[in-house]
Every structure is written in structure tokens, then in C-alpha cells.
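Novice: 3D model of this:
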Amino acid sequence: MNWLESLSLKSKFTWMVWGPLAALLLVVATGFAERTQSVIERHQAPELRQLISQSVALMQSLQKYRALLIVGESSSVERKSQQLATERGIEQWHQALYQWLGPLERGQTREQQLQHRPLVELYQKLEQLPWLTQAWALERVNQPQLLGHYQSTIASLIALIGRLQSGVDANAVVNRGSALVAISQAHERLSQLAIASHSQIKQRLLAEFNLYLDQYKSRLTPKSVGVGSDRPIRALAPLTATQLADANMMRQRLQFSSQHLSLQKTWFEWELTHLWRQTLESFWQYLVFSMLLLMATARLSFMLYQDLYGRISGLHRAVRALEAQRNYLVSLPTKDGDELDQMAANLNRVIRHASEMQLELQGHRHRVRAEEAERVKQAAAPLTLVSSGDA
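Specialist: A predicted model of the protein is given here:
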């Protein structure tokens, strides 16, 4: 540690006071960088929430419109109304998608922007949907082709919801999003069961529905089903083959499934909104607290530095004045008795004692000189008288 011993007292105090402050600044900067990164990663949470909400709403609208087209029990007014609602849903989905994607870069087209995300296929399916529905009405496309296109489009929407929610780095949001995807899959299978005609297709859809229903129930929490309730969850029991023939039962299950889907969408939106607000609050709270902490620490460190170094420098100057100038008029200020104050008080006593000794010494010198002058005067007086008598 020779290098440490070679440092001046001022340098040592600088390292002692400002070194911990620099370490604290590094820790604060690291935490600030982590929270800034979270804000950057989650800054699209409002747009993401809107896109997922519009995707679920569009999926439900497509399912209703498909049922009205295929079953054929609805009036033309209902079909036209649902058609307009579906077109409006597609338009709103496009708007939410563009907000989530952000503005186009210079020279970039919307198709080029979509190619960077797995959205081109879904975008094209939604663009083809009105034309394909009109072609089916004109008997240019058969019913299996139309059903296949609707099924593929809805499956792409559910896959998009799954990809979007899995990209959020929060367990509560991911768990809620997984429940939303599972109930979306189950609701789609139940919607297809209502319009399926072949028994093999019904059996496959029934098995898939029960599978996704089990996945959905595994994601539920006590809050989702009612805390403290001993009653079984309505409409969440496995569906049996005998229940498929009961039209009233199927309508009730479809209605309950739609309610669960809407409920999970609302909860997912709440979780995502809460996550974004919590991220912003954590960022600003940490920023304000860290700035206050740094300013208070810097102020306290500067005050300690000034106090300690100033008092030790005063002692050093006093000792130098005593050594070099023999100045015994120096007096160091003392406060209320810490170690430095005791040292200053002791030094003041030493200075006072030295000053008293110096005064005594000076007085003694004056007396000696006065006595010497008196003796000289007395010795010279007789010689003067003799010289006068001879004259």
C-alpha cells in the first residue's frame, strides 16, 4: 500500500467520501437501466391490448356470421347486419394492427412491414374473406371451401393471440393469456360442432373441445370461479356424445362458452393494462427516489468532506504557524467535543501555555534588562561626583 501512503490527505479524503458515492451511482444507474429496458420492451402494451381485444372480437364476429350463413335459419336482415358487423370488425382489426406495427419507415410498404411479422397469411385471408363469402352466395364456391377458409382464418387469429400473449414477460399476463387462448380454441370447436354434419368430424371436434376445455380449467384460479364456492363450475363439465343431439343444451353451452371467452378477454386486458401501469409507476418511483437519494448522499458527503478536511487543515495550519512563525496568538475553534474538537482544545491549551511562558520569558527579559541598566547607572554615578570636586 505504498501508493496509498504516498497520497495526500486531501486525496485520501476525496477517495473516502466520493468513492462510496460513485459506487452508489453505479448501482442506481444499473437499476435505472433495467427499468428503462422494461419500459422499452413493454411500451407497446396499450397497442398490444387493443390488437388482442380486436382479434377476439373479430373471431366471435366471424363465428356468428359463419353460423348464420351455414345454418340458414336466419333472415336476410340478420345476415346483412352480421355481415356489416364483420366488415366493421375487420376494419377495426386493421386499425389496431397498424397501431401495433407503428409507422412505416421511409420507402417501406405495408406488405414489406407485414413480412417481418408472421401476419402476411392472416392479412391475406381477411382480405379474401368478403370475396369468398360473396362467391359462395353465387354458388361459385362450395360450402366445404367456405367453411375451411373461415376455420383457417379463425385458427390464424387464435394463433396470433397466442404469439402476442406469449411475448409478454410477466407470469400473470402469460397465464391469463394462456387461459384466453384455451377458451378460444374450445369455443371455436363448440361453434364448429353446431354446424358440423358428419359424425366423424363431430367426434374429432368433441375430443378437441374437451381437450381444450381441460387446458382452460387448468389455467383458472379461485378468483376466476368464485372463492369459497363448493358448487361445480357451470358449463365447464366435459361434453358427451349424447349431449350433441340436444339443441337446447348445445345453445346453452355455446352461450356459456362465449361468456367465459368475453370474461377472459376482459381479465387479460386488465392484467396487461395493470402491467403497463405498474411498469411506468416503478420507473418513475425509482427515478425520483434514486435522484433524491443521490442528491441527499452527495450533499451529506460534501458536508462531511468540508467539515473533516477543513478542521484537519486548520490543525495543520496551526501547527505550521507555531513551528515556523512562533505565532502563539493562534486559536482553533471548537464545537461540542468529538475527537477533533478534543485535539483542537488540547492544542489550544498548549498554545495558551506556550503564550504564557513566552510572556513570562519576555517579562523576565525586561526585568533583567532593567536591572542591568540600573546597575550600570549606579556604577557610573560616583565617578561623576569625583570629577566635579576636582574641578
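Novice: Let me see the ranges of the helices in the stretch 101-250 of the chain.
Specialist: 110-115, 120-137, 143-166, 171-195, 199-218, 222-225, 247-320 (DSSP state H, counting those that start in this stretch).
Novice: Name the stretch among those helices that sits most buried.
Specialist: Stretch with highest mean neighbour count among the helices of the stretch 101-250 of the chain: helix 171-195 (a mean of 22; mean count of other C-beta atoms under 10 Å). (C-beta placed from N, C-alpha, C; glycine too.)
Novice: thinking again about what came up before, closest one to A33 among the helices of the stretch 101-250 of the chain?
Specialist: helix 247-320 (10.9 Å; C-beta to C-beta).
Novice: packing partners for that closest one?
Specialist: helix 9-42, helix 45-71, helix 171-195, helix 339-390 (3 or more C-beta pairs under 8 Å, 6 or more residues apart in numbering; DSSP states H and E).
Novice: Just give me how far the longest one sits from the chain centre.
Specialist: Just to be clear, that refers to helix 339-390. The chain centroid and the centroid of helix 339-390 are separated by 81 Å, computed with C-alpha atoms, centre = their mean, to the nearest Å.
Novice: now stretch 15-30
Specialist: 22 Å.
Novice: I'd like the numbering to begin with 9 instead of 1 from here.
Specialist: Okay, using 9 as the starting number, the last item reads as stretch 23-38.
Novice: Can you give me the buried ones in that stretch?
Specialist: By 16 or more other C-beta atoms under 10 Å, the buried positions in stretch 23-38 come out as V25, L32, L33, V36.
Novice: Let me see the confidence value for the nearest residue to the third one once chain neighbours are set aside.
Specialist: On the basis of C-beta to C-beta, 6 or more residues apart in numbering, the spatially nearest residue to L33 that is not a chain neighbour turns out to be L302, at 6.4 Å. Per-residue confidence for L302 comes out at a pLDDT of 85.
Novice: I figured L302 was touching A31, is that so?
Specialist: No: taking contacts as C-beta atoms under 8 Å, L302 lies outside contact range of A31: 11.8 Å.
Novice: re the thing from before, and of the helices of the stretch 109-258 of the chain, who's closest to P341?
Specialist: Closest among the helices of the stretch 109-258 of the chain, using C-beta to C-beta: helix 255-328, at 7.7 Å.
Novice: how far out from the middle of the chain is the closest one?
Specialist: 7 Å.
Novice: now the angle between helix 179-203 and it, please.
Specialist: Helix 255-328 and helix 179-203 are oriented at 170 degrees to each other (axes from the mean of the first three to the mean of the last three C-alpha atoms, to 10 degrees).
Novice: How is the protein divided into domains?
Specialist: 31-230+243-297, 336-399 (automatic domain parsing).
Novice: Confidence-wise, which of the ones you listed is weakest overall?
Specialist: Lowest mean pLDDT of the domains of the chain: domain 336-399, a mean of 73.
Novice: follow-up on the earlier one: want to try TSV for the helices and strands packed on helix 255-328, with distance to P341 as columns?
Specialist: As requested, the helices and strands packed on helix 255-328 are exported to TSV (distance: least, C-beta to C-beta, whole Å):
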stretch	distance to P341
helix 17-50	19
helix 53-79	60
helix 179-203	61
helix 347-398	7
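Novice: Tell me which of those helices sits nearest to A143.
Specialist: Of the helices and strands packed on helix 255-328, nearest to A143 by C-beta to C-beta is helix 53-79, at 12.2 Å.
Novice: which stretch among the domains of the chain comes nearest Q314?
Specialist: domain 336-399 (13.3 Å).
Novice: Can you give the distance of that closest one from its chain's centre?
Specialist: Mean-position distance between domain 336-399 and its chain equals 77 Å (C-alpha atoms, centre = their mean).
Novice: sorry, back to before: just put the buried residues of stretch 23-38 in CSV and tack on distance to S89.
Specialist: Shown next, in CSV, are the buried residues of stretch 23-38 (distance: C-beta to C-beta, whole Å):
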residue, distance to S89
V25, 76
L32, 65
L33, 63
V36, 59
